[in-house]
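Peer 1: build me a model from this:
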Amino acid sequence: MSEFRQDIVTKEWVLIAPTRIARPNEFKKEPATPTNLPELVPACFFCPGNEGKTPPQITEFRKGRDWLVRVVPNKFGLLDLKHPHEVRGNFYVRLPGIGSHEVVITRFHNLPTALQPVELVDATLQIFIERLQELSQHESVRYVHIIQNHGKLGGASLVHPHSQIFAMPFSGPHVAEELRGCHHHFDLFDRCIYCDIIEHEIAEKRRVVLETENFLVICPFESKMPYQMRVLPKIHQANFYQLTEGQRLELAKVLKTVLGRLYYKLGDPAYNYYIHTMPFSRSQHVHHNEKAYHWHLVIMPRINVWAGLELGTEIYVNVVAPEAAAEYLRGD
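Peer 2: Residues are numbered from 1 along each chain as shown. This is a model prediction of the structure:
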């Protein structure tokens with residue numbers, strides 16, 4: 001039987017309708033990563049040897065003489081830090097495209113995150129943190145949004161594994177709704193709502209995919225997509241950059257593990273992942289309370305299509321109950 005479920009933080013609704021599909025195999029389509037790819041493709045701009053074909057490098061992570069991770073400006077970047085920070089318009093509100101758009105390139109053409117060594121995943125996370133801290137120094141930047149698009153259905157325009165970093169003049173409606181929900185819960189109970197979610201999910205166990213010393217991975221109660229996952233630090237942290245070196249390495253192992261389960265159990269589906277972290281303290285019109293907010297990483301497999309109901313009402317239909325998704329991804 002179908003069931004409406006509400007996000008306890010943002011108050012958004014989803015419709016869980018598991019009767020519309022039978023088995024996980026029905027989601028398996030063409031893999032997001034083509035088979036038999038070589039480690040290096042001479043024609044690929046992101047491969048070693050073609051560094052001169054990208055915009056000038058911002059930073060890198062090296063092992064010996066080889067780079068493992070490079071960061072470059074997006075050649076077709078959507079945002080620019082040189083824009084003046086001014087709001088214009090006498091009826092409609094306009095703001096110049098303030099910010100930056102960077103590409104984080106990992107070395108090997110044929111290794112998506114699920115197949116990368118933990119050392120490389122950890123190096124990428126280290127770069128994320130370094131760039132987040134650096135971009136936070138720009139007065140016009142209020143929020144840094146870190147994403148990875150995997151596969152064509154996930155919006156990736158190139159096969160070579162890469163992530164993206166957007167520095168923006170505001171956090172956007174989704175994060176703003178989370179902040180409001182967290183603030184409201186903290187006002188009522190003097191507790192972080194995500195800490196309460198972690199406590200509840202560990203006790204109930206039905207939606208837990210993976211638990212380690214410092215992290216919990218769940219299929220959220222109100223999952224919008226089949227096999228959606230949320231990665232949460234078990235110790236309260238508002239900001240992604242608060243990770244210690246040891247926690248970062250553990251997160252690298254967690255991320256590789258759960259993406260590996262998608263890769264092997266669902267045939268390498270396209271996905272998006274993104275990190276929600278606390279906006280910078282200079283942000284306006286947000287509830288900036290580090291005791292109330294809790295950073296998290298969301299993984300959204302792109303294995304069903306949003307249509308008129310979802311786009312018109314923003315009530316998303318998920319044909320796999322999160323409890324069943326978690327059980328399958330655990331391997332029970």
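
Peer 1: once you drop chain neighbours, what's closest to residue 46?
Peer 2: Excluding its sequence neighbours, the residue lying closest to residue 46 (C-beta to C-beta, 6 or more residues apart in numbering) is residue 160, at 4.0 Å. Where C-beta positions appear, they are placed from N, C-alpha and C, glycine not excepted.

Peer 1: who are the contact partners of that neighbour?
Peer 2: Residue 160 makes contact with 41, 44, 46, 47, 105, 109 under the criterion C-beta atoms under 8 Å, 6 or more residues apart in numbering.

Peer 1: again with residue 31
Peer 2: 151, 267, 268, 269.

Peer 1: ok so it is a strand residue?
Peer 2: No - Residue 31 is assigned coil when assessed by DSSP: H, G, I helix; E, B strand; the rest coil, not a strand.

Peer 1: from residue 328, how far off is it?
Peer 2: Distance of residue 31 to residue 328, given as C-beta to C-beta, to the nearest Å: 18 Å.

Peer 1: which residue packs closest to residue 37, ignoring adjacent ones?
Peer 2: Nearest to residue 37 is residue 110, by C-beta to C-beta, 6+ apart, at 3.7 Å.

Peer 1: mind checking which helix or strand that neighbour is in?
Peer 2: Here residue 110 is covered by no helix or strand, with elements defined by DSSP states H and E.

Peer 1: ok, now residue 62?
Peer 2: strand 59-63.

Peer 1: following that strand, which helix or strand comes up?
Peer 2: Past strand 59-63, the next helix or strand by DSSP H and E is strand 66-73.

Peer 1: name the strands paired with the following helix or strand past that next one and say parallel or antiparallel.
Peer 2: For strand 66-73, the following helix or strand on the C-terminal side (DSSP H and E) is strand 100-106. With DSSP bridges as the test, strand 100-106 is paired with strand 66-73 (antiparallel), strand 162-168 (antiparallel).

Peer 1: can you name the next helix or strand after strand 100-106?
Peer 2: Heading C-terminal from strand 100-106 (DSSP H and E), you reach helix 118-135.

Peer 1: follow-up on the earlier one: most tightly surrounded among the strands paired with strand 100-106?
Peer 2: Highest mean neighbour count of the strands paired with strand 100-106: strand 162-168, a mean of 22 (counted as mean count of other C-beta atoms under 10 Å).

Peer 1: which residues touch it?
Peer 2: Here strand 162-168 has contacts from 46, 71, 74, 78-79, 81, 98-106, 124, 128, 131-132, 135, 138, 141-149, 156, using C-beta under 8 Å, 6+ apart.

Peer 1: quick one, which of those are buried?
Peer 2: Among these, those classed as buried by neighbour count (16 or more other C-beta atoms under 10 Å) are 46, 71, 74, 79, 81, 98-106, 124, 128, 131-132, 135, 138, 141-149, 156.

Peer 1: you'd agree residue 294 is up against residue 237?
Peer 2: Yes - counting by C-beta atoms under 8 Å, residue 294 does reach residue 237; the two are 6.8 Å apart.

Peer 1: among the two, which residue is more densely surrounded?
Peer 2: More neighbours surround residue 294 than the other of residue 294 and residue 237, with 26 against 23 (other C-beta atoms under 10 Å).

Peer 1: that older thread, please, which helix or strand holds the residue nearest to residue 46?
Peer 2: Per DSSP H and E, there is no helix or strand for residue 160.

Peer 1: where's residue 173 relative to residue 180, distance?
Peer 2: 10 Å.

Peer 1: next: residue 61.
Peer 2: 36 Å.

Peer 1: how about the contacts of residue 31 in TSV, adding neighbour count and pLDDT?
Peer 2: TSV is the format used below for the contacts of residue 31 (neighbours: other C-beta atoms under 10 Å; pLDDT from 0 to 100):
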residue	neighbour count	pLDDT
151	21	93
267	16	94
268	23	96
269	23	95
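
Peer 1: tell me the one of those residues nearest residue 5?
Peer 2: Among the contacts of residue 31, residue 269 lies closest to residue 5 (C-beta to C-beta), at 22.6 Å.

Peer 1: residue closest to the middle of the chain?
Peer 2: residue 274 (1.4 Å; C-alpha atoms, centre = their mean).

Peer 1: next, give phi and psi for the closest residue to that one other than its chain neighbours.
Peer 2: Among residues not flanking residue 274 along the chain, residue 147 sits closest, at 4.5 Å (C-beta to C-beta, 6+ apart). Note on residue 147: its backbone torsions stand at phi -140, psi 160 [degrees, to the nearest 10].

Peer 1: now the residue of the chain positioned farthest from its centre: how far from residue 98?
Peer 2: Computed with C-alpha atoms, centre = their mean, the residue of the chain farthest from its C-alpha average is residue 90, at 35.8 Å. To residue 98, residue 90 is 20 Å away according to C-beta to C-beta.

Peer 1: per-residue confidence at the residue farthest from the centre of the chain?
Peer 2: Listed pLDDT for residue 90 reads 78.
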